[in-house]
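Trainee: Fold the following.
(chains A and B)
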Amino acid sequence: RKEVEQDPGPFNVPEGATVAFNCTYSNSASQSFFWYRQDCRKEPKLLMSVYSSGNEDGRFTAQLNRASQYISLLIRDSKLSDSATYLCVVAGDSSYKLIFGSGTRLLVRP
Amino acid sequence: DTGVSQDPRHKITKRGQNVTFRCDPISEHNRLYWYRQTLGQGPEFLTYFQNEAQLEKSRLLSDRFSAERPKGSFSTLEIQRTEQGDSAMYLCASSLRGSGYEQYFGPGTRLTVT
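Mentor: From the prediction side, this is the model:
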């Protein structure tokens, strides 16, 4: 079983739609959680950290459920420029390494 | 731009050859990480340094792989006797001690072994 699991998609949505991605992780000792965005053939870029209380950054909302070991990302009012792969990331079990999911691909169509 | 830089950006080599990649982290960052990413997968951790000390190595880092950070600034990743399975994007990231787990990635070196 992978340490971080994501639905690979692709999610194909029209502009303006709301889309949600989910992720589960297996190590209950994980301490930090992130969503990274990766454009085709580019490096991953930090989108946002994820906190137990939930956090919002503009059109993006991330939530963490430690009991269920579940992380989510909600994107409202999708833009064409949101088309990318979204990587769920966990860290912090006695190490500074990041553990990535395989990513969920989002395609936003006009 | 004072982000993480990597060199070369692309490398094509024949099986059996040795290759070396360089990473220059963000200047004040004392932690440096190497990851490998293959098509359709997320990055996988290889190794990390705090200053010049290599503190952790993944089981993915076989005997053919070696990484150094001799002066605690730039780092090199060498692959000896390359195999076709080594073809991947090699990503370097850096972070600042005390800033939690947030890491900033360089543009990567894409290795193709023919």
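
Trainee: pretty sure B:Q41 is touching A:S102, no?
Mentor: Yes. Applying CB atoms under 8 Å, one finds B:Q41 in contact with A:S102, separated by 5.3 Å. Using the backbone N, CA and C atoms, a C-beta is placed for each residue, glycine as well.

Trainee: In terms of pLDDT, where does residue 5 sit?
Mentor: You didn't pick a chain, so chain A it is. In this model, A:E5 is scored at 96, pLDDT.

Trainee: hmm, I had chain B in mind actually
Mentor: pLDDT at B:S5 comes out at 97.

Trainee: For chain A, see how far away it is.
Mentor: 11 Å (CB to the nearest CB, to the nearest Å).

Trainee: if I pick that residue, what's in contact with it?
Mentor: B:C23, B:D24, B:G106, B:P107 (CB atoms under 8 Å, 6 or more residues apart in numbering or on different chains).

Trainee: Need the three-state assignment for the nearest residue to the last one once chain neighbours are set aside.
Mentor: Looking back up the chat, that one is B:P107. Distances taken as CB to CB, 6 or more residues apart in numbering or on different chains place A:E43 nearest to B:P107, at 5.3 Å, with adjacent residues excluded. State at A:E43, reduced to three classes by DSSP: H, G, I helix; E, B strand; the rest coil: coil.

Trainee: Could you pull up phi and psi at A:E43?
Mentor: phi -80, psi 160 (degrees, to the nearest 10).

Trainee: neighbours around A:I75, how many?
Mentor: For A:I75, the neighbour count with other CB atoms under 10 Å in any protein chain shown is 22.

Trainee: Leaving out chain neighbours, which residue sits closest to it?
Mentor: Closest to A:I75 by CB to CB, 6+ apart is A:V19, at 5.2 Å.

Trainee: Identify the residues contacting that neighbour.
Mentor: Contacts of A:V19 (CB under 8 Å, 6+ apart): A:F11, A:V13, A:L74, A:I75, A:S78, A:L106.

Trainee: ditto for B:Q37
Mentor: With CB under 8 Å, 6+ apart, B:Q37 has these contacts: B:P43, B:E44, B:A88, B:M89, B:Y90, B:L91, B:G108.

Trainee: do you know how far the residue nearest to B:P107 is from B:M89?
Mentor: Distance of A:E43 to B:M89, given as CB to CB, to the nearest Å: 8 Å.

Trainee: All the helices of chain B, residue numbers only.
Mentor: For chain B, applying DSSP state H gives no helices.

Trainee: in chain B, what spans have low per-residue confidence?
Mentor: B:1 (pLDDT under 70).

Trainee: go again using 80 as the cut-off
Mentor: Where chain B drops to pLDDT under 80, the residues are B:1-2, B:97-101.
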